[in-house]
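Visitor: Mind folding the following:
(one chain, ligands or ions: 1)
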Amino acid sequence: MCGIVGCVLKNRKAAPILLDCISKLEYRGYDSVGIATADDNGIHLKKDSGKIEEVNNKIDLGEMPGEFGIAHVRWATHGIPSKENSHPHTDNSENIAVVHNGIIENYAEIKESLESEGFVFKSQTDTEVIPILIEKFMDKGFDLEESLRKTVEMINGSYAIGAISKDNPKEIVAARKDSPLIVGVGDFDFFIASDAPAILNYTNNIIYVDNGEFVVLNEEGAVIKDSDGNIVDKKIEVINWTADMAQKEGYDYFMLKEIHEQDQVIRDTLSEKDNISEIVSKLDDINRICFVACGTSYHASLTGKYLIESMAGIPTDVILASEFKYSANALDDKTLTIFISQSGETADTLKALRRANKTSKTLAIVNVLGSSATREAEFVIYTRAGPEIGVAATKTYISQLVCIYLFAAILADNDEILNRLEIIPDYILDVLNKEDEIKEIAYKYKDAKDFFFIGRGLAYPTALEGALKLKEITYIHGEGYAAGELKHGPLALIDKKIPVVVVVPPGNGYDKTMSNLEEVRARGADVITIGPCGVEAIKRESKDSFCVNNEVDEIIAPLVYVVPLQLLSYYVSIERNLDPDKPKNLAKCVTVE
Ligand code: M6R
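Guide: Now for the predicted structure:
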């Protein structure tokens, strides 16, 4: 949801480095891109709407003078994607340039007041008030840092801001509230960025900037200050992610690469077992669990409810983060509220976490190291998936599930499940080895207008996740439903034009799901079954089917059965000539409510 980068370099041009860094953040927004650098001749600015590659082919973003600057990729909130609305935004005298991730809620009234003072606005964005306010304060004699401080005192909302001025050679000032911001500390080069993958080519030394803090970056290094201007002594953390982890490594798209990493991701995430045991040992007195999350992380949470209630017998709720504040929640100190988030920066989830922190114990299950959720929750479990660049969550979903299985099994002293988790990577490799079969199915159904995905019990969240993946990257309407619930309404929609994907692992729910399969088949639907290998009835009753090792029963099925569904969406997206890594209207990290 917008990405920002800034750098101050020694004896080399900033623009090519900024272009490289911002390309790594394209997963955060890709409707516009821009770079501003500065030198003795003033501010240099190049920006336009479009993906980075398109814009770069047009205006050569890497070719600009100056050894410091800022860059931005945009996911539009205020104002359509256009050149004028692209960042960086400048003040009226074009001496100041600003990039911003977040939303300025009171921008309209500030804009009106600045217009009445004679300032002119070129864009429809909320952001443009920031350079103009900075200009106003600098005109009064305040320096860049002071002017940014005074500006943020006036704005409400969320922001990670980077600002440069032609009057402050080789200096970037930055501020953060509710949108992520990190500082990168190299030997001679210094960075700000929304996220670590942006700067991994240059440094692994990261400082996490907290809410209310300011950064002054210059050739000497980075200084972090609190809201009163006092220097804060921050720890430099060395992260073990590498730049290669954020490359495609021969795959056409990140999504495919990330699907293929899932066997290894499971092995890596299993290393969280000791940490989870330690956390569980501190939770003797909890009598209720409440999961809170959005999107794919919500589907992982639903799986958690089934597992924890059936294995550990602890009553468990699942609440969409954006709905959390509308119910009383009834949390108390015997409730554990679990927040699941790939990014650890999702605004809805963070708001709910802050609310839950006041009354309950909180645990965050997060992928991005050092993200806000990891710093605000009482307990943290890391999903060891490495950077996920494709907007559609795949390997991080699997790693969230692994954490949840570990948590539930440790809570319930269930060694059998703990042992079975070790074999999951092999089952996933089996599925990946038969990828071509899914490709063929995708080709057949690429022109469908609607899909249904159905499953029962633990297969129900898997069906929901299959439908979400399809909608997200193919723009085909996909609806996930509990298999037994179809007859209570949606069956009216089923006819021969609708493919129904039936998720039917062996176990208690098998026979009933097969009956639901018959119900949709009787209405002429094209049934695509994902079920156990070697079952004649499945082949006979389905138009198409994909089989999974029949040792994978319904208890562990969520960890394996989702993989063919991810591949199905991926290949339908490819058949439709879409870019699965950058679906329209979406962003990887949603930092607005
Ligand atoms: O970073 P988070 O896990 O908090 O993100 C939540 C959702 O925005 C995210 O899972 C979204 O639904 C995915 N793009 C789905 O593939």
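Visitor: Just the pLDDT at residue 370, thanks.
Guide: Looking at residue 370, its pLDDT stands at 81.
Visitor: so it makes contact with residue 182?
Guide: Yes - counting by Cβ atoms under 8 Å, residue 370 touches residue 182, with 7.4 Å between them. Where C-beta positions appear, they are placed from N, C-alpha and C, glycine not excepted.
Visitor: between these two, what contacts are shared?
Guide: 196, 206, 208 (Cβ atoms under 8 Å, 6 or more residues apart in numbering).
Visitor: can you pick the most crowded of those?
Guide: Across these, neighbour numbers were computed from other Cβ atoms under 10 Å; residue 196 holds the maximum, 25 neighbours.
Visitor: For whichever residue of the chain sits closest to the ligand, the count of nearby residues, please.
Guide: Closest contact between the chain and the ligand, by Cβ to the nearest ligand atom, is at residue 295 (1.9 Å). Number of residues near residue 295 (other Cβ under 10 Å) recorded here: 22.
Visitor: Ok, residue 278 next?
Guide: Per other Cβ under 10 Å, the neighbour tally for residue 278 reads 11.
Visitor: three-state assignment of it?
Guide: helix (DSSP: H, G, I helix; E, B strand; the rest coil).
Visitor: Give me the nearest residue to residue 470, chain neighbours excluded.
Guide: residue 478 (3.6 Å; Cβ to Cβ, 6 or more residues apart in numbering).
Visitor: count of residues packed around that neighbour?
Guide: The number of residues packed near residue 478 is 25, by other Cβ under 10 Å.
Visitor: Hmm, residue 466 and it touching each other?
Guide: Yes - here residue 478 reaches residue 466: they are 7.3 Å apart, a contact under Cβ under 8 Å.
Visitor: shared neighbours, those two?
Guide: Overlap of the contact sets of residue 478 and residue 466 (by Cβ under 8 Å, 6+ apart) consists of residue 453.
Visitor: what residues does the protein put near the ligand?
Guide: Proximity of the chain to the ligand, by Cβ under 6 Å from any ligand atom, involves residues 294-297, 341-343, 346, 349, 391-393, 468, 472, 589-590.
Visitor: Using PyMOL, define a selection of the buried residues within those residues.
Guide: Provided next is the PyMOL selection string for whichever of those are buried by 16 or more other Cβ atoms under 10 Å:
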select buried, resi 294+295+296+297+341+342+343+346+349+391+392+393+468+472+589+590
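Visitor: Mind checking which of the shared contacts of residue 370 and residue 182 land in helices?
Guide: If you go by DSSP state H, those have nothing in helices.
Visitor: follow-up on the earlier one: what about the residue nearest to residue 470, which helix or strand?
Guide: Taking DSSP states H and E as the criterion, residue 478 maps to strand 477-482.
Visitor: re earlier: for the residue nearest to residue 470, give the beta-bridge partners.
Guide: residue 451 (DSSP bridges).
Visitor: Tell me who's in contact with it.
Guide: With Cβ under 8 Å, 6+ apart, residue 478 has these contacts: 450-453, 466-471.
Visitor: Name only those of these that count as buried.
Guide: Buried by 16+ other Cβ under 10 Å: 450-453, 466-471, out of these.
Visitor: What strands flank the helix or strand hosting residue 73, and is each parallel or antiparallel?
Guide: Element membership for residue 73, per DSSP H and E: strand 68-74. In the sheet, strand 68-74 lines up against strand 3-8 (antiparallel), strand 32-39 (antiparallel) (DSSP bridges).
Visitor: secondary structure class for the closest residue in space to residue 127 that isn't next to it in sequence?
Guide: Spatial nearest neighbour of residue 127, excluding adjacent residues (Cβ to Cβ, 6+ apart): residue 100 at 4.3 Å. Look at residue 100: counting by three-state DSSP, its state is strand.
Visitor: So residue 100 is in contact with residue 6, correct?
Guide: No - assessed by Cβ under 8 Å, residue 100 is found out of contact with residue 6, at 11.8 Å.
Visitor: Overlap of the contact sets of these two?
Guide: residue 162.
Visitor: circling back to that earlier point, output the strand holding residue 73 in CSV with nothing but the alpha carbons.
Guide: C-alpha atoms of strand 68-74 as CSV (Å, rounded to 0.1, in the frame of the first residue of the first chain):
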residue,chain,number,x,y,z
PHE,A,68,20.6,11.7,-2.4
GLY,A,69,17.0,11.3,-3.1
ILE,A,70,13.6,9.7,-2.4
ALA,A,71,11.4,7.3,-4.4
HIS,A,72,7.8,6.0,-4.3
VAL,A,73,5.5,3.4,-5.7
ARG,A,74,1.8,4.3,-5.4
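Visitor: Show me what the helix or strand just after it is packed up against.
Guide: Once strand 68-74 ends, the next helix or strand along the chain (criterion: DSSP H and E) is strand 89-90. Other elements packing on strand 89-90 under the criterion 3 or more Cβ pairs under 8 Å, 6 or more residues apart in numbering; DSSP states H and E are strand 96-104, helix 129-139.
Visitor: Low-confidence regions, the stretch 251-400 of the chain specifically.
Guide: The model of the stretch 251-400 of the chain has pLDDT under 70 over residues 328.
Visitor: My error: substitute the chain in the last question.
Guide: Where the chain drops to pLDDT under 70, the residues are 1, 328.
Visitor: run the last query once more with 50
Guide: Within the chain, no range satisfies pLDDT under 50.
Visitor: How far off centre is whichever strand or helix holds residue 432?
Guide: Here residue 432, judged by DSSP H and E, is contained in helix 424-433. Centre-to-centre, helix 424-433 and its host chain are 25 Å apart (Cα atoms, centre = their mean, to the nearest Å).
Visitor: do the same with stretch 88-100
Guide: Mean-position distance between stretch 88-100 and its chain equals 28 Å (Cα atoms, centre = their mean).
Visitor: Kindly report the same for stretch 316-326.
Guide: Relative to its chain's centre, stretch 316-326 lies at 19 Å (Cα atoms, centre = their mean).
Visitor: next one: stretch 294-303
Guide: Put simply, stretch 294-303 sits 13 Å off its chain's centre (Cα atoms, centre = their mean).
Visitor: May I have it exported as PDB, CA atoms only?
Guide: Extracted C-alpha coordinates of stretch 294-303, given in PDB (Å, rounded to 0.1, in the frame of the first residue of the first chain):
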ATOM      1  CA  CYS A 294      -7.900 -10.400   7.400                       C
ATOM      2  CA  GLY A 295      -8.000 -12.200   4.100                       C
ATOM      3  CA  THR A 296      -5.800 -15.300   3.800                       C
ATOM      4  CA  SER A 297      -4.600 -14.900   7.300                       C
ATOM      5  CA  TYR A 298      -8.300 -15.100   8.300                       C
ATOM      6  CA  HIS A 299      -8.600 -18.400   6.600                       C
ATOM      7  CA  ALA A 300      -5.600 -19.700   8.500                       C
ATOM      8  CA  SER A 301      -7.300 -18.500  11.600                       C
ATOM      9  CA  LEU A 302     -10.500 -20.400  10.800                       C
ATOM     10  CA  THR A 303      -8.400 -23.600  10.500                       C
END
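Visitor: where exactly do the helices run in the stretch 451-593 of the chain?
Guide: Along the stretch 451-593 of the chain, counting by DSSP state H, counting those that start in this stretch, helices occupy 459-474, 510-522, 536-541, 558-575.
Visitor: So for residue 260, which of these sits nearest?
Guide: Shortest distance between residue 260 and the helices of the stretch 451-593 of the chain, using Cβ to Cβ, is found for helix 558-575: 9.8 Å.
Visitor: Skip the chain neighbours and tell me the closest residue to residue 219.
Guide: Spatial nearest neighbour of residue 219, excluding adjacent residues (Cβ to Cβ, 6+ apart): residue 170 at 5.2 Å.
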